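1. missing the sequence, but the structure's below:
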């Protein structure tokens, strides 16, 4: 049985939990896929002994069966893809404008994220720009009412060649109308890498979107730049990073941990008691531009999950890792990817993850030193951006600016990118 490893985060997927009678129209292949999932869950699932007792024949497809079997007390992540969805994810291919938008505290819709290879980026659009209208329709009321259906209808399907007209308010206050045509492109994962000249020396700054195989080349370029500039500290922004490939994660950690820690333990994957032979260790490895850092600042949010959290967890025994922003998602577990023919990819939670000090189980996430709201009114490297500003303050003063209080309020965001796409790529086992 082919297995794949993924450490990632999913927005909660809602399925019908009602039992369905198998009707005469249910095709045999779907039932066989359901049966394959049932067998796999009873063998590989991390919480196989805590699953609800189900009769598989009461469910006529693998989607409803998975929802019935999932250990809902802890499992927010197990999911199913079609094989075509998986293939698109593996290739990091994407069709659209390459943006996500969100509602700021003043009820203005803004660009939250934009990929460098996207059609709108080439037209100069950047994070923080105000989006007043889409195809002549005011966007703010749609976001305020959380009307995702209206947004989806307005922006149209993910098909190349579909045009949309945006009315932006650009940073100097002027309005700008830009028509963009949806296109297919490859996602970049290192959104930004640059340096900050602070009182104590040069600090590296990176915004990293997700852990996928194409990331390795991007990380090599970024860390070569950091090494050339002899950075003393590093700020890594993972606020929208939902996870991904464990080998890419190990490579990134190896850049940060440096030569002194090559071959030392980074993370351990711990399977259920039926599959202890599947346990696996990941050690820091040799990379092209290793750093010699002693301090790492992570900018995080409720969307920072899984592999991003394991970067924090796995590096903590080796250097001073501090978080700024919001509490992370809390996903200390990962998946094996199970392929059923060329029809489905099943992703059940199959292992827990521990660091070299046997620390894990952070289901409540990692709390930051100081709660700072996600500020997408500014571009990533703008020193007035609240999270970056606080990270710089900590590096220059050795403490946060003030304790303060922060009441978490989820921002309203709509993205072209499907939730599953946040999972990035997997590694064959």
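-> Now that the structure is in, tell me what you want to look at. Computed from a predicted structure; not experimentally measured.
2. show me what contacts the closest residue to residue 362 other than its chain neighbours?
-> The spatially closest residue to residue 362, leaving aside those adjacent along the chain, is residue 332, at 5.0 Å (Cβ to Cβ, 6 or more residues apart in numbering). All C-beta atoms are positioned from the backbone trio N, CA, C, and that covers glycine. Residue 332 sits next to 309, 310, 313, 352, 353, 360, 361, 362, 363 when contact means Cβ atoms under 8 Å, 6 or more residues apart in numbering.
3. farthest-separated two in those residues?
-> Spanning the widest gap among those are 310 and 363, at 13.6 Å by Cβ to Cβ.
4. Can you pick out the residue with more neighbours from those two?
-> It is residue 310, of residue 310 and residue 363, that has more neighbours when counted by other Cβ atoms under 10 Å, with 28 against 13.
5. so is the more buried one in a helix, a strand, or just coil?
-> Using DSSP: H, G, I helix; E, B strand; the rest coil as the criterion, the local structure at residue 310 reads helix.
6. Is it correct that it is in contact with residue 353?
-> Yes. With contact defined as Cβ atoms under 8 Å, residue 310 reaches residue 353; the gap is 5.8 Å.
7. residue nearest the centroid of this protein?
-> Of all residues in the chain, the one closest to the mean position by Cα atoms, centre = their mean is residue 242, 1.6 Å from it.
8. how about residue 225, phi and psi?
-> With angles defined as degrees, to the nearest 10, residue 225 sits at phi -60, psi -40.
9. so where is the protein shaky, pLDDT-wise?
-> Within the chain, the stretches falling below the threshold (pLDDT under 70) are 1-26, 90-93, 403-410, 417-429.
10. how does it divide up, domain by domain?
-> With automatic domain parsing as the criterion, the domains of the chain are listed as 96-186, 190-408.
11. Among those, which comes closest to residue 76?
-> Using Cβ to Cβ as the criterion, the shortest distance between residue 76 and these is 7.7 Å, found for domain 190-408.
12. Now find how far off-centre the closest one is within its chain.
-> Here the centre of domain 190-408 is set off from its chain's centre by 11 Å, with Cα atoms, centre = their mean, to the nearest Å.
13. Same question for stretch 137-144.
-> Worked out by Cα atoms, centre = their mean, stretch 137-144 lies 26 Å from the chain centre.
14. same question, stretch 55-66
-> Between the mean C-alpha position of stretch 55-66 and that of its chain there is a distance of 29 Å (Cα atoms, centre = their mean).
15. quick one: contacts for the nearest residue to residue 283 once chain neighbours are set aside?
-> Excluding its sequence neighbours, the residue lying closest to residue 283 (Cβ to Cβ, 6+ apart) is residue 263, at 5.2 Å. With contacts taken as Cβ under 8 Å, 6+ apart, residue 263 has the following neighbours: 283, 284, 285.
16. Look at residue 362 and give its secondary structure.
-> Local secondary structure at residue 362 is given as coil here, using three-state DSSP.
17. so who does it touch?
-> Residues counted as contacts of residue 362 (Cβ under 8 Å, 6+ apart) are 309, 313, 328, 330, 332.
18. between these, which is nearest residue 73?
-> residue 330 (13.2 Å).
19. The closest one: helix or strand, and which one exactly?
-> Following DSSP states H and E, there is no helix or strand that holds residue 330.
20. ok, now residue 254?
-> Taking DSSP H and E as the definition, residue 254 sits inside helix 246-257.
21. Give me the contacts around that helix.
-> Counting contacts by Cβ under 8 Å, 6+ apart, the residues touching helix 246-257 from outside are 5-7, 208, 211-213, 215-216, 219, 223, 234, 261-262, 264, 266-267, 269, 282-287, 289-291, 293, 296, 307, 310-311, 314-315, 318-319, 334, 425, 427.
22. 7 Å instead?
-> 5, 7, 211-213, 215-216, 219, 223, 234, 266, 282, 284-285, 287, 289-291, 293, 296, 307, 310-311, 314-315, 318, 427 (Cβ atoms under 7 Å, 6 or more residues apart in numbering).
23. Burial-wise, tell me which of the domains of the chain comes out on top.
-> Highest mean neighbour count among these (mean count of other Cβ atoms under 10 Å): domain 190-408, with a mean of 20.
24. Of all the domains of the chain, which one comes closest to residue 87?
-> Going by Cβ to Cβ, the one of the domains of the chain nearest residue 87 is domain 190-408, 8.9 Å.
25. circling back to that earlier point, and the residue nearest to the centre of the chain, how close does it get to residue 352?
-> From residue 242 over to residue 352 the distance is 19 Å, taken as Cβ to Cβ, to the nearest Å.
26. Over to residue 204?
-> As judged by Cβ to Cβ, residue 204 and residue 352 stand 31 Å apart.
27. Please apply the same query to residue 329.
-> Distance from residue 329 to residue 352, by Cβ to Cβ: 16 Å.
28. would you list every one of the helices in the stretch 101-250 of the chain?
-> 140-144, 148-155, 215-228, 246-257 (DSSP state H, counting those that start in this stretch).
29. want to try a markdown table for these, with distance to residue 61 as columns?
-> Written out in a markdown table, the entries for the helices of the stretch 101-250 of the chain read as follows (distance: least, Cβ to Cβ, whole Å):
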| stretch | distance to residue 61 |
| --- | --- |
| helix 140-144 | 33 |
| helix 148-155 | 24 |
| helix 215-228 | 34 |
| helix 246-257 | 30 |
